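Asker: Got a sequence here, can you build the structure:
(one chain, ligands or ions: 2)
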Amino acid sequence: MKLYNTLTMTKEEFEPLEQGKVKMYVCGPTVYDFIHIGNARPLIVFDTLRRYFEYKGYEVLYIQNFTDIEDKMINRANKEGITVFELAERFINEYYKDADRLNVRRATRNPRATEEIEDMINLIQRLLDRGYAYVVDGDVYFRTRKFAEYGKLSHKNIEELIAGARVDPGEKKEDPLDFALWKAKKQGEPAWISPWGEGRPGWHIECSVMAMKYLGETIDIHAGGQDLIFPHHENEIAQSEAATGKPFARFWLHNGYVNINNEKMSKSLGNFFTVREIIEKYHPEALRLFMLQAHYRKPLNFSIDLIQQAESALKRIYTCYENLENLIKNGTMSDSSDKELQASLEILKARFIEAMEDDLNTAEATGYLFEMVREINTHANTCSKEVLIFAKDILKELCSILGILEQYEEKKDEIPPEILELVEKRNEARKAKNFLEADRIRDELKSLGYIVLDTPQGTKVERVK
Ligand SMILES: Nc1ncnc2c1ncn2[C@@H]1O[C@H](COP(=O)(O)OP(=O)(O)OP(=O)(O)O)[C@@H](O)[C@H]1O
Ligand SMILES: [Zn+2]
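Answerer: Residues are numbered from 1 along each chain as shown. Ligands and ions are numbered 1, 2, ... in the order given. Okay, the predicted model is just below:
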């Protein structure tokens, strides 16, 4: 498989370091609020990459952190009058609710920054010992210029970097390029004991530590949104490689932005939709499909119209699948299209895989998926049961790489609340020995497409198939 590596700016053939095992780290959310559609993009695209690796037979070690200590966390917790810990607990729970509904598979592990402080202190100490860091009044900074390869990920040179570097009031850095590894405690902030006094870790050191602790000193893939290339990932490389002397991540993958009117969706600009508000109104898989219909490195404009379109497209897949199930159950008139359908599905599947192999080109892959749906819709009525099952299995197989068509069984078995209410009314009528009314309700249910069965275990209701 080819993957575009930000480090080398080329598409490279991906082979994991250890045969059969992919070790990947994805920067996770800062858990101070609900996640927005922009934050959902890395979740969905890198979950899809993981699914594809698993489909190819790799074991994937997938680590995604929670940043639960940071300025945004502290400000929000203070504003709400709760502790940073309480804030994190709340939004980690909300995160899982959203991610689960988006069919994002649970990571192998979701380490939390505040639970890894000891290892962060150890890594900072290692950098101090090697002369890559220095202490000023309880702060610890990374000596950026000492790391000769600084800038190699963002492809910036030192002059450009100096022009953009900022020194906050109160920071006593040797050089504007240096960045904080440890921040001395300020009034009202949570703090941990360290050899340099009470304080908290900088953001960048968190990810270096969690990636190396759970995946080793050289990992296969490090991923996140493109806004993380600089300074976050550049700094992660500097810290990790300065400490170990080994390459940190072999492949650096970055997703493009979700935009609103061509502007990055972000909390600070206020131009965002939360995942929660969208999946309450639209099928969560529609959001997934919306993301995957674009290539992950391209900018992607978001609008309600586009989500509605993605939902209709998703429905076409579900309807196609449902038709196949019905035809398999009830039989068809002839098998005259067997050869044609089978051949075209095989070709389209090969193209789908080829697109995925080319830097996870889900935009093309979903195109082939919809061609499959059209082919199936055209030919299914004149195919044998065997070929229908073949079609259904291929559809399911490819959709499961994309993480869609996964809420099918659940949807099928769901009995709407108004039907359950009628069943309850009928039970009450029966209890009151009002059999006339009970029969009337049974007929009403029947006309709505449901049959009631009175069994020794109680009343059951089923949809007429
Ligand atoms: N508009 C966007 N499009 C794509 N990815 C994004 C977007 N906004 C944030 N991300 C990604 O979401 C992930 C989580 O980031 P983080 O929690 O730091 O974001 P945030 O603080 O909520 O974002 P922001 O302040 O930009 O709204 C990161 O990988 C980041 O790159
Ligand atoms: Zn990170």
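Asker: So the nearest residue to His36 once chain neighbours are set aside, which state does it fall into?
Answerer: Leaving aside its sequence neighbours, His36 sits nearest to Phe272 (CB to CB, 6 or more residues apart in numbering; 4.0 Å). All C-beta spots, glycine's among them, are computed from the backbone N, C-alpha and C. Three-state call for Phe272 (DSSP: H, G, I helix; E, B strand; the rest coil): coil.
Asker: Could you measure from Phe272 over to Lys79?
Answerer: Plainly put, Phe272 is 18 Å away from Lys79 if you go by CB to CB, to the nearest Å.
Asker: same deal with Phe147?
Answerer: To Lys79, Phe147 is 37 Å away according to CB to CB.
Asker: Tell me which of those two has more neighbours.
Answerer: Phe147 (20 against 10; other CB atoms under 10 Å).
Asker: Show the backbone phi and psi for the more buried one.
Answerer: Main-chain dihedrals, Phe147, degrees, to the nearest 10: phi -90, psi 100.
Asker: can you give me phi and psi for the closest residue in space to it that isn't next to it in sequence?
Answerer: Of all residues not flanking Phe147 in the chain, Ala238 sits nearest, at 4.5 Å (CB to CB, 6+ apart). Main-chain dihedrals, Ala238, degrees, to the nearest 10: phi -60, psi -50.
Asker: Does Ala238 touch Phe142 like I think?
Answerer: Yes: A contact is recorded between Ala238 and Phe142 when judged using CB atoms under 8 Å, the distance being 6.4 Å.
Asker: So which elements touch the host helix or strand of Glu375?
Answerer: Glu375 is part of helix 362-379, with elements assigned from DSSP states H and E. Applying 3 or more CB pairs under 8 Å, 6 or more residues apart in numbering; DSSP states H and E, one finds that helix 362-379 contacts helix 284-292, helix 304-330, helix 338-357, helix 385-402.
Asker: Buried ones in that helix, by neighbour count?
Answerer: Neighbour-count burial for helix 362-379, with 16 or more other CB atoms under 10 Å as criterion, is recorded at 362, 364-369, 371-373, 375-376, 379.
Asker: So in this protein, where's the weakest helix or strand by average pLDDT?
Answerer: Lowest by mean pLDDT, DSSP states H and E among the helices and strands of the chain is helix 408-413, with a mean of 58.
Asker: re the thing from before, return the most buried member of the helices and strands packed on helix 362-379.
Answerer: Comparing the helices and strands packed on helix 362-379 by mean neighbour count (mean count of other CB atoms under 10 Å), helix 284-292 ranks first with a mean of 25.
Asker: after that helix comes which helix or strand?
Answerer: strand 300-301.
Asker: quick one: contacts for the closest residue to ligand 1 within the stretch 1-150 of the chain?
Answerer: The nearest approach of the stretch 1-150 of the chain to ligand 1 comes at Gly38, 2.5 Å away (CB to the nearest ligand atom). Shown in contact with Gly38 (CB atoms under 8 Å, 6 or more residues apart in numbering): 225, 257-258, 264-266, 272.
Asker: taking those residues one by one, which sit in strands?
Answerer: Among the contacts of Gly38, the residues falling in strands (DSSP state E) are 225, 258, 264.
Asker: For the first one, the count of nearby residues, please.
Answerer: It refers to Gly225. Gly225: 20 surrounding residues under other CB under 10 Å.
Asker: Is it in contact with Lys264, as I believe?
Answerer: No: using CB under 8 Å, Gly225 makes no contact with Lys264, being 9.4 Å away.
Asker: Can you check which residues contact both of these two?
Answerer: Common neighbours of Gly225 and Lys264, using CB under 8 Å, 6+ apart, are 38, 257.
Asker: Which stretches in the stretch 151-300 of the chain count as helices?
Answerer: Per DSSP state H, counting those that start in this stretch, the stretch 151-300 of the chain carries helices over the ranges 158-164, 203-215, 234-244, 275-281, 284-292.
Asker: just checking, Tyr134 is part of a helix?
Answerer: No: assigned with three-state DSSP, Tyr134 falls outside any helix and is strand.
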